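Asker: Take this sequence and fold it.
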Amino acid sequence: QVQLVESGGGSVQPGGSLRLSCAGSGHAFNTYTLGWFRQAPEKEREFVATISRGGLSTYYADSVKARFTISRDNAKNTVSLQMNSLKPEDTAVYSCGATLRCVGGCKSPKYFDYWGQGTQVTVSS
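Answerer: I've put the predicted structure just below:
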(Lines give C-alpha, C1' and ligand atoms only; values in the text may rest on other atoms or scores of the structure.)
Protein backbone atom coordinates (compact mmCIF):
# COMPACT_ATOMS: atom_id res chain seq x y z
CA GLN A 1 0.00 0.00 0.00
CA VAL A 2 0.92 3.65 -0.35
CA GLN A 3 -0.35 6.66 1.57
CA LEU A 4 -0.60 10.00 -0.18
CA VAL A 5 -0.78 13.53 1.22
CA GLU A 6 -1.25 16.59 -0.97
CA SER A 7 -0.15 20.14 -0.25
CA GLY A 8 0.15 23.43 -2.07
CA GLY A 9 -3.40 24.37 -2.91
CA GLY A 10 -4.80 27.84 -2.42
CA SER A 11 -6.36 30.85 -4.10
CA VAL A 12 -4.85 32.64 -7.07
CA GLN A 13 -5.92 35.17 -9.67
CA PRO A 14 -6.42 34.17 -13.29
CA GLY A 15 -3.09 33.90 -15.04
CA GLY A 16 -1.29 32.99 -11.84
CA SER A 17 0.60 29.86 -10.87
CA LEU A 18 0.48 27.23 -8.16
CA ARG A 19 2.55 24.16 -7.46
CA LEU A 20 0.92 21.12 -5.89
CA SER A 21 2.91 18.41 -4.20
CA CYS A 22 1.98 14.93 -3.11
CA ALA A 23 4.12 13.01 -0.64
CA GLY A 24 3.94 9.26 -0.60
CA SER A 25 4.81 6.80 2.10
CA GLY A 26 4.78 3.05 2.09
CA HIS A 27 6.23 0.35 -0.01
CA ALA A 28 8.02 0.80 -3.36
CA PHE A 29 6.75 4.22 -4.39
CA ASN A 30 8.65 3.93 -7.67
CA THR A 31 6.52 0.98 -8.79
CA TYR A 32 3.35 3.08 -8.96
CA THR A 33 2.00 5.07 -11.84
CA LEU A 34 0.95 8.41 -10.38
CA GLY A 35 -1.66 10.87 -11.45
CA TRP A 36 -3.42 14.11 -10.65
CA PHE A 37 -7.17 14.37 -10.94
CA ARG A 38 -9.61 17.13 -10.06
CA GLN A 39 -13.23 17.45 -9.10
CA ALA A 40 -15.24 20.62 -9.38
CA PRO A 41 -18.53 21.06 -7.51
CA GLU A 42 -21.31 18.90 -8.93
CA LYS A 43 -18.96 17.34 -11.47
CA GLU A 44 -17.26 13.97 -11.67
CA ARG A 45 -13.60 13.52 -10.92
CA GLU A 46 -11.61 14.12 -14.10
CA PHE A 47 -8.16 13.28 -15.36
CA VAL A 48 -5.53 16.03 -15.30
CA ALA A 49 -2.15 14.33 -15.77
CA THR A 50 -0.34 11.05 -15.18
CA ILE A 51 3.31 10.05 -15.08
CA SER A 52 4.91 6.67 -15.57
CA ARG A 53 6.86 4.85 -12.89
CA GLY A 54 10.25 6.09 -14.03
CA GLY A 55 8.97 9.53 -14.95
CA LEU A 56 9.87 9.28 -18.63
CA SER A 57 6.29 9.34 -19.93
CA THR A 58 3.69 11.94 -19.11
CA TYR A 59 0.10 12.39 -20.23
CA TYR A 60 -2.15 15.43 -20.01
CA ALA A 61 -5.75 16.36 -20.48
CA ASP A 62 -6.21 18.62 -23.48
CA SER A 63 -7.56 21.35 -21.20
CA VAL A 64 -4.27 21.65 -19.28
CA LYS A 65 -1.72 20.73 -21.92
CA ALA A 66 1.07 23.33 -22.24
CA ARG A 67 -0.02 24.95 -18.95
CA PHE A 68 0.51 22.17 -16.40
CA THR A 69 3.57 19.99 -15.83
CA ILE A 70 3.63 16.77 -13.83
CA SER A 71 6.89 15.48 -12.38
CA ARG A 72 8.07 12.98 -9.80
CA ASP A 73 11.07 12.41 -7.59
CA ASN A 74 11.24 8.76 -6.63
CA ALA A 75 14.14 9.39 -4.26
CA LYS A 76 11.89 11.70 -2.24
CA ASN A 77 8.63 9.83 -2.86
CA THR A 78 6.94 12.88 -4.28
CA VAL A 79 4.88 13.83 -7.31
CA SER A 80 4.23 17.44 -8.23
CA LEU A 81 1.96 19.42 -10.50
CA GLN A 82 3.18 22.82 -11.67
CA MET A 83 0.17 24.83 -12.82
CA ASN A 84 0.70 27.99 -14.86
CA SER A 85 -1.66 30.37 -16.62
CA LEU A 86 -4.47 29.28 -14.35
CA LYS A 87 -8.05 29.88 -15.40
CA PRO A 88 -11.27 30.08 -13.37
CA GLU A 89 -12.33 26.76 -14.89
CA ASP A 90 -9.32 25.13 -13.19
CA THR A 91 -11.04 25.66 -9.84
CA ALA A 92 -11.50 22.26 -8.19
CA VAL A 93 -10.28 19.92 -5.50
CA TYR A 94 -7.09 18.32 -6.81
CA SER A 95 -6.12 14.82 -5.70
CA CYS A 96 -3.14 12.65 -6.41
CA GLY A 97 -3.62 8.97 -7.07
CA ALA A 98 -1.44 5.90 -7.38
CA THR A 99 -1.95 2.63 -9.19
CA LEU A 100 -0.17 -0.59 -10.02
CA ARG A 101 -2.79 -1.50 -12.62
CA CYS A 102 -1.51 0.55 -15.53
CA VAL A 103 1.90 1.70 -16.68
CA GLY A 104 1.23 5.33 -17.42
CA GLY A 105 -1.40 6.09 -19.99
CA CYS A 106 -4.49 5.33 -17.95
CA LYS A 107 -6.73 8.36 -17.64
CA SER A 108 -9.69 7.01 -15.76
CA PRO A 109 -9.77 7.39 -11.99
CA LYS A 110 -11.27 3.90 -11.76
CA TYR A 111 -7.80 2.45 -12.32
CA PHE A 112 -6.32 4.26 -9.32
CA ASP A 113 -6.49 2.47 -6.01
CA TYR A 114 -4.87 4.94 -3.63
CA TRP A 115 -5.80 8.58 -3.13
CA GLY A 116 -4.79 11.54 -1.09
CA GLN A 117 -7.32 13.67 0.76
CA GLY A 118 -7.30 16.41 -1.88
CA THR A 119 -6.35 20.07 -1.88
CA GLN A 120 -8.52 22.99 -2.98
CA VAL A 121 -7.44 25.21 -5.85
CA THR A 122 -9.48 28.35 -6.45
CA VAL A 123 -8.85 30.65 -9.40
CA SER A 124 -10.77 33.88 -9.12
CA SER A 125 -10.33 37.59 -9.54
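
Asker: Please identify the buried residues of the helix or strand that contains residue 11?
Answerer: Residue 11 is part of strand 10-12 when elements are defined by DSSP states H and E. For strand 10-12, a neighbour-count test (16 or more other C-beta atoms under 10 Å) marks residue 12 as buried. (Each C-beta comes from the backbone N, C-alpha and C, glycine too.)

Asker: Point out where this protein drops to low pLDDT.
Answerer: Applying pLDDT under 70 to the chain flags residues 104.

Asker: now the strands for this structure?
Answerer: Per DSSP state E, the chain has strands spanning 2-7, 10-12, 18-26, 33-39, 46-51, 58-60, 68-73, 78-83, 92-99, 114-115, 119-123. These are given in chain order.

Asker: Distance check, the residue nearest the centre of the chain against residue 94.
Answerer: Centroid-nearest residue in the chain: residue 36, 2.0 Å away (criterion: C-alpha atoms, centre = their mean). Distance of residue 36 to residue 94, computed by C-beta to C-beta, to the nearest Å: 6 Å.

Asker: list residues touching both of those two?
Answerer: Shared contacts of residue 36 and residue 94 (C-beta atoms under 8 Å, 6 or more residues apart in numbering): 20, 48, 81.

Asker: give me the beta-bridge partners of the first one?
Answerer: If I follow you right, that is residue 20. Here residue 20 shows beta-bridge partners residue 81, assigned using DSSP bridges.

Asker: ok, now which ones touch it?
Answerer: 6-9, 36, 80-81, 83, 94, 96, 119, 121.

Asker: Give the bridge partners for residue 93, please.
Answerer: With beta bridges defined as DSSP bridges, residue 93 has these partners: residue 39, residue 120.
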